[in-house]
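A.B. asks: predicted model, plus sequence, below.
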4 protein chains.
Amino acid sequence: MSLQQSGDELVVSEDPLHPANLIPELCRGFYQLGWVTGTGGGISIRVGDKVYIAPSGVQKERILPAHIFVLPFPQAAPSPHGDRVFLRRPSLNLKESACTPLFWNAFDLRDAGSCIHTHSQNAVMATLLWPGDVFRISHQMIKGVRLGGMGKALSYLDTLEVPIIENTPNEEDLKDSMAEAMVKYPDAAAVLVRRHGIYVWGSDWEKAKTQTECLDYLFELAVKLKAANIPLVKDESN
Amino acid sequence: MSLQQSGDELVVSEDPLHPANLIPELCRGFYQLGWVTGTGGGISIRVGDKVYIAPSGVQKERILPAHIFVLPFPQAAPSPHGDRVFLRRPSLNLKESACTPLFWNAFDLRDAGSCIHTHSQNAVMATLLWPGDVFRISHQMIKGVRLGGMGKALSYLDTLEVPIIENTPNEEDLKDSMAEAMVKYPDAAAVLVRRHGIYVWGSDWEKAKTQTECLDYLFELAVKLKAANIPLVKDESN
Amino acid sequence: MSLQQSGDELVVSEDPLHPANLIPELCRGFYQLGWVTGTGGGISIRVGDKVYIAPSGVQKERILPAHIFVLPFPQAAPSPHGDRVFLRRPSLNLKESACTPLFWNAFDLRDAGSCIHTHSQNAVMATLLWPGDVFRISHQMIKGVRLGGMGKALSYLDTLEVPIIENTPNEEDLKDSMAEAMVKYPDAAAVLVRRHGIYVWGSDWEKAKTQTECLDYLFELAVKLKAANIPLVKDESN
Amino acid sequence: MSLQQSGDELVVSEDPLHPANLIPELCRGFYQLGWVTGTGGGISIRVGDKVYIAPSGVQKERILPAHIFVLPFPQAAPSPHGDRVFLRRPSLNLKESACTPLFWNAFDLRDAGSCIHTHSQNAVMATLLWPGDVFRISHQMIKGVRLGGMGKALSYLDTLEVPIIENTPNEEDLKDSMAEAMVKYPDAAAVLVRRHGIYVWGSDWEKAKTQTECLDYLFELAVKLKAANIPLVKDESN
């Protein structure tokens, strides 16, 4: 198979901002933040008609450009055997990410350019300390988060809402409940998965990443506020 | 436009201690410390008649010298359209920092050479656990903090005071209340903003940074002391 | 003594994935994670008929390839003086790891390819907060852990069990109780040592490392859940 | 003044393990660990008849070999003006460390080869949560600590004791009470200073550093045990 046919040229670039170079670099940063411990979590970046995704079940801090999957956007019809179609698969026995259908929710329902999944303990704790189907916080530094993840920035006077869905044994099975939550909460920039983690999106990788950081900061703060008996939504304390 | 006219020469230097090189390096360190998560926070450095400031709304750990704004000091009269005057603006669609008027408080009211703004959770928690308009601590390692941020170092026997002002939706609107707090507490080396973060200054970037570290250390310790029911000011426990 | 006879050639390689290069690199990472503070902890890697082990009592973040011990696998009969037989000993007054017999449990009883020992505070706290002889958790991200450390991945619906054994003054004396726990809990991927740390294994260094990360993540989360009065096993809360 | 006379040759070496190169490297690591935040803390290394010490009041993560002070050992009689005698002073307006007399306690009373001072919050919290004049812990990983900091390693069955002295406004004034505590507790490898930090020593920089890590690990664990109502000394719980 020639280089052209293999798709390997899709992940070879000298530009450090090319998705095949960015994803390994960003995943190393996510590892330092405790977001992708033990192979969990990852990131997808969509540029034009291509989606770049990190592989599943590997050490995220050791990904190389050669490990990246490239998929067509919009999604191609599955093969006659029901398999997903790829523009490029790494030749290293790597498995595609089980998060793929969930990343696609962000592309299809929000027109996002990037989606990040973390197993951050701050996110998990938020889903356990607030047992309802939505996490709410106000009067904190929420202005780094955008309406629906894509629109204008929230104001200090808004209340940030992140829906929480229940976990399932297989990551793929979260697709429908995540989509429902995104429709029910059109202003949400993310969906929490109880006892599991979070999906956050943005118009590009920078906005997806900075919003993931803002949300994680808020979850971490929320856990501390809970321990100190301080309500998350200011009005509740009146 | 020639290089001379564009002001680009103001941010090109081989000296690692030139403000245009220092600000990116320091911001990477602040990111590791959790002070500038998700684009929040920043630093300004004043050298002679120039002030160097990081842009707004960008990933602080990825700033480059080419991203730095340079302003004249003292501040030039606004343009006929009311716009701030710059010696150099980055040509990258970057927005000037909303903290600019707050940094200027430190330059004007204290003759500071540098001012740092963080969203550190330790500072935010301090403003929530101590609901009054001033944070006080004594008999801890406060001797890294200077009187008014600029004078002689505090002694172990002094009580450190940091005024707390209330947050506003727009960062610029903090200018007056921050200035008032600085006048009311002339010995304070910083101003806390409730549910938001802190502004700390010093005679140069080194003293601004080490005082920010000392204060953040004290806020972190204060939160732990509160959880352990140990008073912050020693006399109160008598 | 020639290079051939000294065994030094066993730890010289330009391949960054050679065990003699990997062990120093991995130990630097373990140090960052707080797993091998103050010379504690370590890792062994078995490749074919050789076992590579970090030395005892040294700063784990400063190990060099030249410091690595190489032992034959299966273990050679001890020398007439009862000494362990080595294929290569570093010529630097370094002591063999006291963990050697414990690493061997993983090789002999599970056919593991790598075994990691940490003094992680998360593991130690888990053994103190749950005083019985087994740590159990369910409905969290346990799918990064494999049955017996070597088989198929656990499901979200399984309950993860890690046996806990009591510490002894000499590390070597843990060999028998660790082996007993491994036989009693054939599905366990690790053995906790109360007031001391944990031993985790896998079919190769990657699986040993990612399982150690998953387990440490779960212990850290468990400590937080305990402080928040949330049961570790979901059914118990019904 | 020639290079010979200035003493500059005492801090120029290509050996990364030369004290003038090691101290900057170690201080960068201490900064990462939160031990020397905001210019606090430091390290001294004694080799033969020379003592190398980091300067006071500077950012410890930015020290260069040229910043290091070199003093004679044993200490030379003060100058007619009462000034300390140096083999080499940096020509950079740097102040000698106020810890010098305290480091000397370790050299004189224990024949130590290195002494480390930190402002670690774990150490400070230990002095606040245990208000007596000694910190005690048993049945944890104390075997990384040596009798008196210099002798044989403690056993798992021993009880580790670290005396606590009261802080003074001037660091130098701790000299006598630190010396008294060292005489009263000859087996102690360190002295805690209430509301301030700790001094730890060892026969060389490696043993001073690994013992500082072990002790800091134990203080951190102790704070967690206190919050969970678990006694530090096992027998007390019977």
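C.D. replies: All right, it came through fine.

A.B. asks: can you mark which positions in stretch A:179-194 are buried?
C.D. replies: Neighbour-count burial for stretch A:179-194, counted by 16 or more other CB atoms under 10 Å in any protein chain shown, picks out A:Ala179, A:Ala181, A:Met182, A:Tyr185, A:Ala188, A:Ala189, A:Ala190, A:Val191, A:Leu192, A:Val193, A:Arg194. (Glycine included, C-beta is placed from N, CA and C.)

A.B. asks: these: which two are farthest apart?
C.D. replies: Within the buried residues of stretch A:179-194, two members stand farthest from each other by CB to CB: A:Ala189 and A:Arg194, at 18.0 Å.

A.B. asks: return the member of the buried residues of stretch A:179-194 nearest to chain D.
C.D. replies: When the buried residues of stretch A:179-194 are compared for distance to chain D (CB to the nearest CB), A:Arg194 comes out closest, at 25.7 Å.

A.B. asks: you'd agree the closest one is up against A:Val162?
C.D. replies: No: using CB atoms under 8 Å, A:Arg194 makes no contact with A:Val162, being 11.7 Å away.

A.B. asks: for chain C, give me its nearest residue in chain A.
C.D. replies: Nearest residue of chain A to chain C: A:Gly38, at 3.7 Å (CB to the nearest CB).

A.B. asks: that's a strand at A:Ile45, yeah?
C.D. replies: Yes: checked against DSSP: H, G, I helix; E, B strand; the rest coil, A:Ile45 lies within a strand.

A.B. asks: ok, and the closest non-adjacent residue to it?
C.D. replies: Nearest non-adjacent residue to A:Ile45, counting by CB to CB, 6 or more residues apart in numbering or on different chains: A:Pro19, 4.2 Å away.

A.B. asks: residue contacts, that neighbour?
C.D. replies: Counting by CB atoms under 8 Å, 6 or more residues apart in numbering or on different chains, A:Pro19 touches A:Ile45, A:Val47, A:Tyr52, A:Ile68, A:Trp205.

A.B. asks: from chain B, how far out is it?
C.D. replies: 16 Å (CB to the nearest CB, to the nearest Å).

A.B. asks: mind checking the end-to-end distance for stretch A:116-131?
C.D. replies: One end of stretch A:116-131 to the other measures 23 Å (CA to CA, to the nearest Å).

A.B. asks: avg pLDDT for stretch A:196-212?
C.D. replies: What stretch A:196-212 shows for mean pLDDT is 98.

A.B. asks: any idea how far apart the tips of it sit?
C.D. replies: One end of stretch A:196-212 to the other measures 15 Å (CA to CA).

A.B. asks: what does stretch A:39-51 give?
C.D. replies: Start-to-end, stretch A:39-51 (CA to CA) is 20 Å.

A.B. asks: in that stretch, what counts as buried?
C.D. replies: Buried-residue list, stretch A:39-51, by 16+ other CB under 10 Å: A:Thr39, A:Gly40, A:Gly41, A:Gly42, A:Ile43, A:Ser44, A:Ile45, A:Arg46, A:Val51.

A.B. asks: now it, how far from the chain's geometric center?
C.D. replies: In terms of CA atoms, centre = their mean, to the nearest Å, the centre of stretch A:39-51 is set 9 Å apart from its chain centre.

A.B. asks: so where's chain A uncertain?
C.D. replies: Applying pLDDT under 70 to chain A flags residues A:1-5, A:92, A:235-238.

A.B. asks: which stretches of it form strands?
C.D. replies: Secondary structure of chain A (DSSP state E): strands located at A:42-47, A:50-53, A:69-72, A:114-118, A:134-138, A:159-165, A:190-193, A:197-202.

A.B. asks: got the ones you listed as JSON lines, with distance to C:Asp158 columns?
C.D. replies: Below are the strands of chain A laid out as JSON lines (distance: least, CB to CB, whole Å):
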{"stretch": "strand A:42-47", "distance to C:Asp158": "23"}
{"stretch": "strand A:50-53", "distance to C:Asp158": "27"}
{"stretch": "strand A:69-72", "distance to C:Asp158": "28"}
{"stretch": "strand A:114-118", "distance to C:Asp158": "22"}
{"stretch": "strand A:134-138", "distance to C:Asp158": "27"}
{"stretch": "strand A:159-165", "distance to C:Asp158": "21"}
{"stretch": "strand A:190-193", "distance to C:Asp158": "18"}
{"stretch": "strand A:197-202", "distance to C:Asp158": "18"}
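
A.B. asks: B:Asp83: which of those strands is closest?
C.D. replies: With CB to CB as the yardstick, what comes closest out of the strands of chain A is strand A:197-202 (29.3 Å).

A.B. asks: send the alpha carbons of that closest one over as PDB?
C.D. replies: The C-alpha coordinates for strand A:197-202 follow below in PDB (Å, rounded to 0.1, in the frame of the first residue of the first chain):
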ATOM      1  CA  GLY A 197     -16.300  12.000  34.000                       C
ATOM      2  CA  ILE A 198     -17.200  14.700  31.600                       C
ATOM      3  CA  TYR A 199     -17.500  15.700  27.900                       C
ATOM      4  CA  VAL A 200     -16.700  19.300  27.000                       C
ATOM      5  CA  TRP A 201     -16.700  20.900  23.600                       C
ATOM      6  CA  GLY A 202     -15.800  24.200  21.900                       C
END
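
A.B. asks: ok, it: who's next to it in the sheet?
C.D. replies: strand A:114-118 (antiparallel), strand A:190-193 (antiparallel) (DSSP bridges).

A.B. asks: JSON lines please, covering these and showing distance to C:Val223.
C.D. replies: JSON lines is the format used below for the strands paired with strand A:197-202 (distance: least, CB to CB, whole Å):
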{"stretch": "strand A:114-118", "distance to C:Val223": "20"}
{"stretch": "strand A:190-193", "distance to C:Val223": "21"}
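
A.B. asks: of these, which is nearest D:Leu232?
C.D. replies: strand A:114-118 (35.6 Å).

A.B. asks: neighbouring contacts of that closest one?
C.D. replies: Residues outside strand A:114-118 that contact it (CB under 8 Å, 6+ apart): A:30, A:35-36, A:40-46, A:99, A:102-103, A:105-107, A:197-205, A:207-209, A:212, A:216.

A.B. asks: distance between it and the chain's centre?
C.D. replies: What separates the centre of strand A:114-118 from the centre of its chain is 2 Å, taken as CA atoms, centre = their mean.

A.B. asks: what does stretch A:27-45 give?
C.D. replies: Put simply, stretch A:27-45 sits 10 Å off its chain's centre (CA atoms, centre = their mean).

A.B. asks: give the bridge partners for the residue positioned nearest the centre of chain A, please.
C.D. replies: Nearest residue to the geometric centre of chain A (CA atoms, centre = their mean): A:Ile116, 2.1 Å. Partner residues in beta bridges with A:Ile116, using DSSP bridges, are A:Ile43, A:Val200.

A.B. asks: what's the closest of the strands paired with strand A:197-202 to D:Asp83?
C.D. replies: Smallest distance to D:Asp83 across those (CB to CB): 57.1 Å, for strand A:114-118.

A.B. asks: the closest one versus strand A:42-47: what angle between them?
C.D. replies: Put simply, strand A:114-118 runs at 180 degrees to strand A:42-47, going by axes from the mean of the first three to the mean of the last three CA atoms, to 10 degrees.

A.B. asks: any buried residues in strand A:114-118, and which?
C.D. replies: For strand A:114-118, by 16+ other CB under 10 Å, it's A:Ser114, A:Cys115, A:Ile116, A:His117, A:Thr118.

A.B. asks: closest to chain B out of those residues?
C.D. replies: A:Ile116 (12.4 Å).

A.B. asks: please tell me how far that closest one sits from A:Val200.
C.D. replies: Applying CB to CB, to the nearest Å, the value for A:Ile116 to A:Val200 is 5 Å.

A.B. asks: can you check which residues contact both of these two?
C.D. replies: By CB under 8 Å, 6+ apart, the residues touching both A:Ile116 and A:Val200 are A:Ala208, A:Thr212.

A.B. asks: grab the longest helix from chain A for me.
C.D. replies: As assigned by DSSP state H, the longest helix anywhere in chain A is helix A:205-227.

A.B. asks: sounds good, over and out.
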